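> predicted model follows, preceded by the sequence.
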Amino acid sequence: MKIEQIYTGCLAQGAYYIESQGEVAIIDPLREVSPYIEKAKKDKATIKYIFETHFHADFVSGHLTLSKKTGAPIIYGPTANTQFEAIVAEDQQEFKLGEVTIKVLHTPGHTMESTCYLLRDASGKDHALFSGDTLFLGDVGRPDLAQKAADMTQEQLAETLYDSLRNKVLTLADDVIVYPAHGAGSACGKNLSKETVGTIGDQKKTNYALRQNMTKEEFVQEVTDGLLPPPQYFPLNVKLNKEGYEDIDQVIDKGTHAMDPNTFEQAANATGAVVLDVRHQDDFAKGHIPKSIFIGIDGGFAPWVGALIGDVAHPILIVAPDGREEETIIRLARVGFDNTIGFLKGGIDAWTKAQKEIDIVDSSSAENAKSQLDKLPVFDVRKPGEYAVGRLGNAHNTPLDYLNDHLAEFPKEDTFFVHCAGGYRSMIAASILKSRGYHNLINIEGGYGALKEVGAPVVEGVCPSTLKAL
């Protein structure tokens with residue numbers, strides 16, 4: 001038996017490859033399925049099953065493409081309703097995979113079809129739990145995402161999740177390995193660990209939501225407290241996962257359309273496409289196409305695209321480092337943004353050589369900014385929890401996730417500073433603000449971390465007004 005966790009940091013997502021005696025099961029595959037097929041070929045094995053723990057909201061799964069290419073059936077837990085052929089398993093149903101068995105544990109609460117898969121070894125001993133978004137390390141799945149689909153309140157879903165955890169998960173032996181669908185950085189929970197593999201026993205000791213003698217009322221209160229609104233692309237991804245989507249190969253073929261600067265400019269004007277610049281933030285600051293949006297490919301790329309661009313059908317034009325155009329298109333498709341229509345051939349250098357207009361982002365080192373912090377407004381685009389723990393005394397918290405809701409707070413004429421933790425998110429914010437006509441900003445390089453290093457005056461400790469966001 002072989003178990004491999006295939007972890008994607010950008011999405012903080014774990015897919016799983018399980019092989020026994022030449023038979024393979026894939027759990028929660030990403031949209032680009034070639035790696036799973038290649039692994040099976042290398043193992044001289046056949047992909048027999050594709051298991052889905054639930055209808056994912058934060059990424060588009062590869063179940064349809066993988067099933068089409070391998071013939072393996074797609075398996076969901078009880079109550080799942082799809083518009084494509086799938087096995088809707090019964091609770092406790094078992095699937096044989098070589099010498100091992102995969103058992104269905106229906107665990108509604110995060111969503112009503114949410115299901116964990118219990119792997120039993122050749123001797124019949126419980127070995128590992130693939131817990132999806134039901135149980136994370138340090139947290140449990142948020143119960144607010146499926147309210148509309150389930151026709152239930154988040155409190156009712158939380159009560160259902162409490163029962164699922166107590167009756168199906170906590171009854172397992174302490175040495176059962178836990179393989180969750182997500183780790184720290186995912187918006188599917190609020191207290192996820194950076195670790196990506198644990199045990200039932202460890203979670204009983206450390207997970208706040210699994211405390212011994214915790215009442216259902218306490219669970220509901222704590223699990224629903226401090227939930228931030230989900231990113232707006234989540235319902236769109238659920239829809240794609242339920243109803244189907246375009247093959248990834250077609251998305252890549254359409255998106256890898258190289259355009260010279262004139263063609264690129266004409267396409268942007270004709271379609272109203274978002275010009276998405278995915279280079280490093282320092283390169284974007286030095287020169288970029290006016291009104292383009294920066295979201296760097298080497299940061300939390302896909303989730304930020306989903307949170308900030310919003311409309312998955314909107315056309316996108318790419319400015320990328322040379323050789324990373326296809327990677328960008330694939331990573332956009334992971335969150336349902338399939339309408340990339342081309343990229344700038346030769347990148348920003350070609351644009352400059354064509355004598356096209358260039359914009360810059362005014363930036364300042366933390367050392368230089370320190371002496372001006374009491375003279376200019378400061379806007380902190382980190383999450384409320386980060387701001388609560390430590391901040392500049394005069395900084396306004398305008399979280400990047402909801403920047404559009406805070407636009408009225410930014411001065412139209414007066415110069416102001418913007419910063420985040422390290423410089424990535426503040427450059428995204430700067431690009432959005434500039435695209436809306438706010439050119440009077442200065443980005444603080446290195447963000448809050450750099451400001452602390454140079455001795456800028458900070459306030460540390462929990463701010464009562466933002467305590468609930470922690």
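The structure has been received and is ready for your questions.
> how does the protein divide into domains?
2-235, 246-278+310-351, 363-469 (automatic domain parsing).
> ok, of those domains, where does mean pLDDT dip lowest?
Taking the average pLDDT of each of the domains of the chain, the minimum falls on domain 363-469, with a mean of 91.
> now the strands for the stretch 1-150 of the chain?
With DSSP state E, counting those that start in this stretch applied, the stretch 1-150 of the chain shows strands at 2-8, 13-20, 23-27, 46-51, 74-76, 87-88, 94-97, 100-106, 115-120, 126-132, listed in chain order.
> what sits against Phe417?
Shown in contact with Phe417 (CB atoms under 8 Å, 6 or more residues apart in numbering): 364, 369, 372-373, 376-379, 441-444. For every residue, glycine as well, the C-beta is placed using N, CA and C.
> in helices, which of the residues you listed fall?
Secondary structure assignment by DSSP state H places Ala369 of these in helices.
> Serialize the contacts of Phe417 to JSON lines and add fields for neighbour count and distance to Gly98.
Below are the contacts of Phe417 laid out as JSON lines (neighbours: other CB atoms under 10 Å; distance: CB to CB, whole Å):
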{"residue": "Ser364", "neighbour count": "15", "distance to Gly98": "60"}
{"residue": "Ala369", "neighbour count": "24", "distance to Gly98": "60"}
{"residue": "Gln372", "neighbour count": "14", "distance to Gly98": "65"}
{"residue": "Leu373", "neighbour count": "20", "distance to Gly98": "63"}
{"residue": "Leu376", "neighbour count": "16", "distance to Gly98": "65"}
{"residue": "Pro377", "neighbour count": "17", "distance to Gly98": "63"}
{"residue": "Val378", "neighbour count": "22", "distance to Gly98": "59"}
{"residue": "Phe379", "neighbour count": "23", "distance to Gly98": "56"}
{"residue": "Leu441", "neighbour count": "22", "distance to Gly98": "59"}
{"residue": "Ile442", "neighbour count": "20", "distance to Gly98": "60"}
{"residue": "Asn443", "neighbour count": "24", "distance to Gly98": "55"}
{"residue": "Ile444", "neighbour count": "27", "distance to Gly98": "56"}
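> which one of the contacts of Phe417 is nearest Thr107?
Among these, Phe379 lies closest to Thr107 (CB to CB), at 41.6 Å.
> and Thr79, how many residues sit next to it?
Neighbourhood size, Thr79 [other CB atoms under 10 Å]: 15.
> doesn't Ser114 make contact with it?
No: using CB atoms under 8 Å as the test, Thr79 is too far from Ser114 to be in contact (9.3 Å).
> quickly list what's touching both of the two.
106, 108.
> picking that back up, reformat the domains of the chain as TSV; add distance to Ala302.
Shown next, in TSV, are these (distance: least, CB to CB, whole Å):
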stretch	distance to Ala302
domain 2-235	5
domain 246-278+310-351	5
domain 363-469	13
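> those domains: which one's closest to Ile289?
domain 246-278+310-351 (5.4 Å).
> pull up the distance across the closest one, start to finish.
This stretch, domain 246-278+310-351, spans 31 Å end to end (CA to CA, to the nearest Å).
> equivalent analysis for stretch 188-199, please.
20 Å.
> residues near the closest residue in space to Leu11 that isn't next to it in sequence, how many?
The spatial neighbour of Leu11 that comes closest, neighbours along the chain excluded (CB to CB, 6 or more residues apart in numbering), is Phe59 at 5.3 Å. Neighbour count of Phe59, defined by other CB under 10 Å: 31.
> likewise for Arg120?
Count around Arg120 with other CB under 10 Å applied: 17.
> next up, the contacts around it.
100-103, 126-127.
> what of Glu413?
Glu413 sits next to Asn440 when contact means CB under 8 Å, 6+ apart.
> cutoff 10 Å now
Glu413 makes contacts with 438, 440, as judged by CB atoms under 10 Å, 6 or more residues apart in numbering.
> which element is it on?
Assigned by DSSP states H and E, Glu413 falls within no helix or strand.
> for the stretch 251-400 of the chain, which segments count as helices?
261-271, 281-286, 301-308, 325-333, 347-353, 366-370, 384-389 (DSSP state H, counting those that start in this stretch).
> would you mark the buried spots in stretch 287-302?
288-289, 292-297, 299-302 (16 or more other CB atoms under 10 Å).
> of all these, which comes closest to Thr160?
Ala302 (29.4 Å).
> neighbours around the closest residue in space to the closest one that isn't next to it in sequence, how many?
In space, and not counting its chain neighbours, Ala302 is closest to Val335: 4.6 Å by CB to CB, 6+ apart. Residues lying near Val335 (other CB under 10 Å) number 28.
> surely Val335 is in contact with Gly306?
Yes: using CB atoms under 10 Å, Val335 is in contact with Gly306, at 4.4 Å.
> got any residues that touch both of these two?
Joint contacts of Val335 and Gly306 (CB under 10 Å, 6+ apart) are 11, 58-59, 231, 233-234, 236-237, 312.
> and those residues, which are buried?
11, 58-59, 231, 233-234, 236-237, 312.
> which of the residues you listed sits closest to Phe264?
Val312 (21.6 Å).
> related to what we said a few turns ago, for the residue nearest to Leu11, which residues are in contact?
Per CB under 10 Å, 6+ apart, neighbours of Phe59: 8, 10-13, 15, 28, 30-31, 181-182, 186, 188, 233-234, 237, 240-241, 302-303, 306, 333-336.
> same deal with Gln355?
Counted by CB under 10 Å, 6+ apart, Gln355 has contacts Pro261.
> could you measure from it over to His288?
15 Å (CB to CB, to the nearest Å).
> please tell me the pLDDT value assigned to the nearest residue to His280 once chain neighbours are set aside.
Spatial nearest neighbour of His280, chain neighbours left out: Gly296 (5.9 Å); criterion: CB to CB, 6+ apart. Turning to Gly296, the model gives it a pLDDT of 97.
> so how far is Ile360 from Gly296?
Counting by CB to CB - Gly296 and Ile360 are separated by 16 Å.
> same question for Lys41.
Using CB to CB, Lys41 is found at 48 Å from Ile360.
> next one: His127
From His127 to Ile360 the distance is 56 Å (CB to CB).
> those two - which one has more neighbours?
His127 (19 against 12).
> OK, contacts around Trp213?
Actually, residue 213 is Asn. It isn't Trp. Applying CB under 10 Å, 6+ apart, no residues contact Asn213.
> wait, Thr171
Counted by CB under 10 Å, 6+ apart, Thr171 has contacts 105, 165, 200.
> by neighbours, which of those residues wins?
Within these, Leu165 tops the neighbour count with 25 neighbours, counted by other CB under 10 Å.
> that one and Leu129 touch, don't they?
No: the pair Leu165 / Leu129 is not scored as a contact, 11.5 Å apart, by CB under 10 Å.
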